[in-house]
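Trainee: this one's sequence-less:
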């Protein structure tokens, strides 16, 4: 049986959205030093914010998608102020923050379900029909998803290397104490990290919702995959997260051609464990 | 599920939330059914992807219980419904069942779904409280039911065979089979495969799906790689709709054979034109009794009955009639009467009629909203199926598969 | 009243099983600082192993291929051993890395295991699961007293794990573990092979979780993959955090409280008739409980008494400014 | 006597409930080169961290110029003109040499590129590898980068924690040459050292710190004549 390139294409589409969300997760991990279990819910909230703007308020989809970003960012900042900041101020350890984020994740997920019910919902965009290009089927929407993801990844790269904010974020991620000693107001960097991380995650949520459906569990369902992407790329490394997200998306979809599709979710973790045994510092890690 | 009374309760709740926190621990000692009412428990998922099952079957059960209470109640006592959420999780289901049997003193329990029923069977048996599931199709129950475990829904092994027959009878030689990889989906899907092969057909691909995912494009690519003309799909409405939308988007062709979960008006309307000519199996429309139930359901819930709701209504009726027959509301007494009141006797279609007949010492055969509901000694029902085909906007019945034609 | 007592007995039994889980996790996190977020994996391995060892051989209609019909005691011991072996396998790639790796990889392992449970019918019965698991001394104990007997067994297990944890804490081994937790570099300087010690602690905690799984299997008498989701790991963590990590009494108290809370909130609909929003509301309350505890009682209800210098440095470091 | 640039009076500090420094007082005058010497674990690093706000201050006050900086956030202390070179983790490993320097100039208002040029003049080895990641530098280069990073905002006072640790003797000598140069160009220097011999040539004033308390205090000449010098292996 010849391998169908369709699997690869599906993987690129899924992988590019995972990559976007994983960048947010890894940035927040780098700066705040804890694994944010509520990250998936930010993705869900982004999708629902766009959904309300698009379906309930009747805004055009693109406008709704843009509107979703500041809403999600504002929510993430408010939650940081109310939930995480007091713990940071008192010097709570990474685990306290992590467990708190798990509690927050449950609250947010169920609040979304309470408000919008568990029914899957769809954006109000034109019917998508796949076109056949070079033996694979792809819709205009999917092309847009991949393009938007790639553009955002390039934008993140430029931000991290060309701007003072970006360099400061990387510096704070690699050594928070030294950043303070260099005159960095780390709380300001934390704020910017939430802005960028939650913003990217909101876009990822909208794109995933566009590619499929919007539902309360969408973010949580992707959380473990995002973790795998982050680990694969090396914790705290945004480029690694991009690479990790893409690899995992492709591996998952391609795996369907070879093994039972019900093992699909396990593929990401198998790759992760194997990689840790082989190259513990992540895909991009130094060889030394 | 808009209910006027509930709104008031909710407001009361909001005003007293502060007190509620402190009351949890006390509540543990205060709860529980008083002896002046009889309790029917409902054990269903109310959260997560299958929350609709709990919500819709609660409406159906309320209809039944209101009718029973209007007719004087079960052995003269009013029935109170206590609902518990399984969260589609074995541990929670066991705790919830324990609460219903031990703390609430339920006479019988309606539910749960295939996800959790196998896991609580033994506990129910031990507690000597009958379980009547309107929602569990799992073939595990085929030879494990009876005694304390019954169901008013058809076994997946019958449904799967019916699906195989539809494909074969319509001349398809090679089909693909897709099913969600959970308790319900797998047993149905496997029976389609076994049944279709027994009828001389060939299965091109078998694809097990993880439910609750957002994209099934690769699974579809896999299923359609040999270009099957007929694909059997077993899934809930949510997963089903995503799969069908993406199938349409990808332009893969062929017709579907859909399991009974997806045989609802809203599903046919939502998927629309692409579904034209595809098949679905479903229960035989129950005639007058079903129409009566459907009208009541619609007036309460504002939508046409969801799958399994007539079965839920019938399950509550059977429990109450069995209690009448046993002249006791105790679970261990009424369990044995459940098969007895469902067949071989004077046909009754309401609680009132059944209770009156039993008072006169007549054996009864309850026929309900979902059909004749004849419970076998293994706790199953033998069931005929209706074959539906989509017109592109709704399901139209195009045939019938009799229970007798499924013995292969 | 008797009905209430019976229900309370089953709640206490579940709470006891969670207490064993929490004691195991306390050895991982509280004593050694291992961020294990896949605790349910050990629980599942313990449960399935004892089930496979003790159920009768399969009949023609059953999905699974192995059932050895061995005595329950053999099953429980086997469950513990299997959980310990899984700990070794998981420990090899992760215990030498930063703690976050263990956290995420352990979640991953738990997920993989759940998919194995769902897919490998020959071993686990697949999504249909395993049924008819025997209960210890079923024929000997009168049925009406059986629940109390089983609760007694669970309490005994809690007691054993508690006593072991206490002894561990006071032993030289326990002191090494705490020094690893508080400052690994210092203990390396002292010449301790931290990998070996971490591995030992990881196995001990894993075995306790396996025991909890075995107790669950013989309590539930049926196993399906739905009983082994990530929420079990989460509830155990919540219990440990609320009770106070690093303190065995805290682990037991926390596990008991969290189960009591979960069960007590079942009575909410009875009081208020909230109907369809109650289940989600209950989960929201559990989430809020976690956040509030960590905010206002960060060391739990029963905090560990002394905190070392190195631990302080760690906290100061996290404090930033 | 004029007002000191930096003064600590009766400072008691540590980590959380743990006390490391007890009743420490010292002063650094403008233009001075001050060394604090003491054995390992005496609290030298904690003392520098306390000045930049990196510990829990239980008692006492820290004044810089005319301001009380006891409760000032760390990043504002840098803003006020205090450069700090920690002993460990003194550079950002994943950032390039140039980016590390740029981070140091984070608060500076001046021309960052011009300032980087000045640092390159001081440490030519850094100029040879501007795009190399800091984690790939040698120990000596890394230390130069750390000092360069701290000098970027043009601090009036430079705090250096054990510049000699882990470096070969000839590199230590060259390192102190540079520090001397920084000092003579107008920056006040406060450094802590375990290796007493390394600092006596450069410093003007010496404090000894033992068990978190100040022992000796005075000029280099007085120090060399004292018992403390002997006990520290001079």
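Mentor: Everything's here; your move. Bear in mind the structure is a predicted one, so any value in this text is a computation, not a measurement.

Trainee: for residue B:284, what are its contacts?
Mentor: Applying C-beta atoms under 8 Å, 6 or more residues apart in numbering or on different chains, one finds that residue B:284 lies in contact with B:371, B:384, B:385, B:386, B:400. C-beta here means a position set from N, CA and C on the backbone, and glycine is covered the same way.

Trainee: Give me the subset of the residues you listed lying in strands.
Mentor: Among the contacts of residue B:284, the ones falling in strands (DSSP state E) are B:385, B:386, B:400.

Trainee: From chain D, how far out is the last one?
Mentor: Just to be clear, that refers to residue B:400. Counting by C-beta to the nearest C-beta, to the nearest Å, the separation of residue B:400 from chain D is 70 Å.

Trainee: count of neighbours near that residue?
Mentor: Residue B:400 is flanked by 12 other residues according to other C-beta atoms under 10 Å in any protein chain shown.

Trainee: and if you look at the second one?
Mentor: When counting by other C-beta under 10 Å, one arrives at 20 neighbours for residue B:386.

Trainee: Can you check the pLDDT for it?
Mentor: Per-residue pLDDT puts residue B:386 at 91.

Trainee: Return the distance of it relative to residue D:10.
Mentor: 91 Å (C-beta to C-beta, to the nearest Å).

Trainee: Next, the contact list for the residue of the stretch 101-250 of chain A found nearest chain D, please.
Mentor: Nearest to chain D, among the residues of the stretch 101-250 of chain A, is residue A:183, at 3.4 Å (C-beta to the nearest C-beta). For residue A:183, the contacting residues are D:75, D:78, D:79, D:106, D:107, D:153, by C-beta under 8 Å, 6+ apart.

Trainee: ok, the first one to residue A:190 distance?
Mentor: To tie it back to what came earlier, the one meant is residue D:75. Distance, residue D:75 to residue A:190, using C-beta to C-beta: 13 Å.

Trainee: Which residues of the stretch 101-250 of chain A lie near chain B?
Mentor: Within reach of chain B by C-beta under 8 Å from any C-beta of the partner chain, the stretch 101-250 of chain A has these residues: A:110, A:113, A:117-120, A:128-130, A:137, A:139, A:208, A:211-213, A:215, A:217-218, A:221.

Trainee: Now, the residues you listed that are in strands?
Mentor: When these are checked against strands (DSSP E), the matches are residue A:137.

Trainee: are any of the residues of the stretch 101-250 of chain A next to chain B buried, and which?
Mentor: Taking 16 or more other C-beta atoms under 10 Å in any protein chain shown as the criterion, what is buried in those is A:110, A:113, A:117-120, A:128, A:130, A:137, A:139, A:208, A:211-213, A:215, A:217-218, A:221.

Trainee: Filter the residues you listed to keep only those in contact with chain C.
Mentor: With C-beta under 8 Å from any C-beta as the criterion, those include A:110, A:113 near chain C.

Trainee: Mind checking which of the buried ones among the residues of the stretch 101-250 of chain A next to chain B are in helices?
Mentor: A:110, A:113, A:208, A:211, A:218, A:221 (DSSP state H).

Trainee: Need the nearest residue in space to the last one, chain neighbours excluded.
Mentor: Taking C-beta to C-beta, 6 or more residues apart in numbering or on different chains as the measure, residue A:221 lies nearest to residue B:212, with 6.2 Å between them; neighbours along the chain are not counted.

Trainee: Over to the fifth one?
Mentor: Distances taken as C-beta to C-beta, 6+ apart put residue A:44 closest to residue A:218, at 5.4 Å, once the chain neighbours are dropped.

Trainee: and if you look at the third one?
Mentor: Across the structure, with C-beta to C-beta, 6+ apart as the measure, the residue nearest residue A:208 apart from its sequence neighbours is residue A:17 (4.9 Å).

Trainee: OK, contacts around the one you found?
Mentor: So residue A:17 contacts A:145, A:149, A:204, A:207, A:208, A:211, A:245, A:249 (C-beta under 8 Å, 6+ apart).

Trainee: for residue B:86, same thing?
Mentor: By C-beta under 8 Å, 6+ apart, residue B:86 lies in contact with B:43, B:44, B:45, B:92, B:93, B:96, B:111, B:112, B:113, B:115, B:116.

Trainee: Quick check: of these, which lies closest to chain C?
Mentor: residue B:115 (5.6 Å).

Trainee: doesn't that closest one fall inside a strand?
Mentor: No - with DSSP: H, G, I helix; E, B strand; the rest coil as the criterion, residue B:115 is coil rather than part of a strand.

Trainee: Retrieve the pLDDT associated with it.
Mentor: 84.

Trainee: Let me see the contact set for it.
Mentor: For residue B:115, the contact set (C-beta under 8 Å, 6+ apart) comprises B:45, B:50, B:86, B:88, B:182, B:183, B:184, C:224, C:226.

Trainee: now for those residues, which pair is the farthest apart?
Mentor: Distances among the contacts of residue B:115 were taken as C-beta to C-beta; the most separated pair is B:50 and C:224, at 15.0 Å.

Trainee: Please say which of those two ends up with more neighbours.
Mentor: Neighbour count, other C-beta under 10 Å: between residue B:50 and residue C:224, residue C:224 has more, with 30 against 25.

Trainee: does any bit of whichever strand or helix holds residue C:263 sit next to chain A?
Mentor: Per DSSP states H and E: residue C:263 is located in helix C:248-264. No - figure legend: helix C:248-264 not in contact with chain A (C-beta under 8 Å from any C-beta); closest approach 12.0 Å.

Trainee: Which other helices and strands does that helix contact?
Mentor: helix B:4-30, helix C:2-25, helix C:143-170, helix C:230-243, helix C:278-296 (3 or more C-beta pairs under 8 Å, 6 or more residues apart in numbering or on different chains; DSSP states H and E).

Trainee: Give me whichever of these is most buried.
Mentor: Among those, ranked by average contacts under mean count of other C-beta atoms under 10 Å in any protein chain shown, first place goes to helix C:230-243 (a mean of 26).

Trainee: just the angle between that helix and helix C:2-25, please?
Mentor: Angle between the axes of helix C:230-243 and helix C:2-25 is 90 degrees (criterion: axes from the mean of the first three to the mean of the last three C-alpha atoms, to 10 degrees).

Trainee: Ramachandran coordinates for the residue of the stretch 101-250 of chain A closest to chain D?
Mentor: Phi and psi for residue A:183, reported as degrees, to the nearest 10, are phi 90, psi 10.

Trainee: now do residue A:34
Mentor: phi -140, psi 160.

Trainee: wait, it sits on residue A:92?
Mentor: No - between residue A:34 and residue A:92 there is no contact under C-beta atoms under 8 Å: 9.4 Å.

Trainee: now stretch C:259-268: how far from the chain's centre is it?
Mentor: Stretch C:259-268 sits 20 Å away from the centroid of its parent chain (C-alpha atoms, centre = their mean, to the nearest Å).

Trainee: I meant to write stretch B:102-118 there.
Mentor: Here stretch B:102-118 is found 13 Å from its chain centre; the criterion is C-alpha atoms, centre = their mean.

Trainee: what does stretch C:7-25 give?
Mentor: Averaging C-alpha positions (C-alpha atoms, centre = their mean) puts stretch C:7-25 9 Å from its chain's average.
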